[in-house]
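The following block contains a protein sequence and its predicted model.
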Amino acid sequence: MHVSNKPSWLMLAGAALLVSACTQQPRVAPAKPKPAVVEAPAVPSVDPNAKVQIEGVERLAFSEEYQGPAEGSLESVRALFGRGYVDSGLRETMLAAVRSDYPMLGMRDVRLTDPVRKFLTSERAAMTAHDYIRRGLEAHLGPISDARYRQIWQSLPQNGEVRHWSARIKQVMAKR
């Protein structure tokens with residue numbers, strides 16, 4: 001009996017195909033290109049009944065300048081103290097006081113570390129500071145009696161720095 005090699009060859013070939021099919025990675029289908037969506041620019045529709053009214057419209061020029069109260073003015077100091085900005089209010093107070101004697105000075109010349117005597121150079125300057133601080137405190141606390149304000153003024157360190165006055169005024173505003 002003779003056995004044919006054909007069937008075993010076919011079996012071997014089939015087994016080889018089966019093994020190779022199992023070890024290959026699956027094929028990924030190529031991505032289909034999508035058509036790009038191009039949006040047309042929006043065209044405003046024209047309303048034939050629309051009216052543009054430009055007559056009577058005032059054009060305001062843009063200004064980069066500060067439009068609030070003048071630097072060192074009583075109005076500015078009252079606003080600053082009223083909002084609790086004691087350091088800024090006191091600096092503007094000292095500026096107003098010293099401007100009665102030296103009108104060319106500006107805010108950059110007034111620092112919290114400066115001695116108070118630098119700004120209270122005359123009786124007029126001292127009265128200006130006295131009045132400005134009182135008005136500022138009244139803007140924050142309400143009306144203050146003359147006797148109470150005299151106590152506050154006398155409690156300010158006359159040989160101190162502006163920051164010392166600021167600290168004392170903050171204590172007064174906190175009612176200590």
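That came through, no problem.

what does the helix or strand containing M127 contact?
Using DSSP states H and E, M127 maps to helix 123-141. Helix 123-141 is touched from outside by 74, 77-82, 84, 89-90, 92-94, 96-98, 100-101, 119-120, 144, 149, 152-153, 169, 172-173, 175, with contacts defined as C-beta atoms under 8 Å, 6 or more residues apart in numbering. C-betas here are computed from N, CA, C, even on glycine.

Quick one, which of the residues you listed are buried?
Neighbour-count burial (16 or more other C-beta atoms under 10 Å) applied to the contacts of helix 123-141 gives 74, 77-82, 89-90, 92-94, 96-98, 100, 119-120, 144, 149, 152, 169, 172.

low pLDDT regions in the protein?
1-7, 9-10, 12-13, 15-29, 40-48, 50-69, 176 (pLDDT under 70).

one more time with 50
Across the chain, nothing is flagged by pLDDT under 50.

any idea where the helices of it begin and end?
Ranges of helices within the chain are 6-23, 74-82, 86-99, 123-141, 146-155, 162-173, based on DSSP state H.

so the last one versus helix 74-82, what angle?
This means helix 162-173. Using axes from the mean of the first three to the mean of the last three C-alpha atoms, to 10 degrees, one finds that helix 162-173 and helix 74-82 are set 60 degrees apart in direction.

Buried residues, helix 162-173. List them.
Result for helix 162-173 [16+ other C-beta under 10 Å]: buried residues V162, H164, W165, S166, R168, I169, V172.

Which elements pack onto that helix?
helix 86-99, helix 123-141, helix 146-155 (3 or more C-beta pairs under 8 Å, 6 or more residues apart in numbering; DSSP states H and E).

run the last query once more with 7 Å
helix 86-99, helix 123-141 (3 or more C-beta pairs under 7 Å, 6 or more residues apart in numbering; DSSP states H and E).

quick one: contacts of it?
86-87, 90-91, 94, 112-114, 116, 133, 137, 140-141, 152, 155-157 (C-beta atoms under 7 Å, 6 or more residues apart in numbering).

Format the CA atom coordinates belonging to it as PDB.
Extracted in PDB, the C-alpha atoms of helix 162-173 (Å, rounded to 0.1, in the frame of the first residue of the first chain):
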ATOM      1  CA  VAL A 162       3.700 110.900  57.800                       C
ATOM      2  CA  ARG A 163       3.300 107.100  58.300                       C
ATOM      3  CA  HIS A 164       3.000 107.600  62.100                       C
ATOM      4  CA  TRP A 165       0.200 110.100  61.500                       C
ATOM      5  CA  SER A 166      -1.400 107.600  59.200                       C
ATOM      6  CA  ALA A 167      -1.200 104.800  61.800                       C
ATOM      7  CA  ARG A 168      -2.800 107.100  64.400                       C
ATOM      8  CA  ILE A 169      -5.600 108.300  62.100                       C
ATOM      9  CA  LYS A 170      -6.300 104.600  61.300                       C
ATOM     10  CA  GLN A 171      -6.700 103.900  65.000                       C
ATOM     11  CA  VAL A 172      -9.100 106.900  65.300                       C
ATOM     12  CA  MET A 173     -11.100 105.600  62.300                       C
END
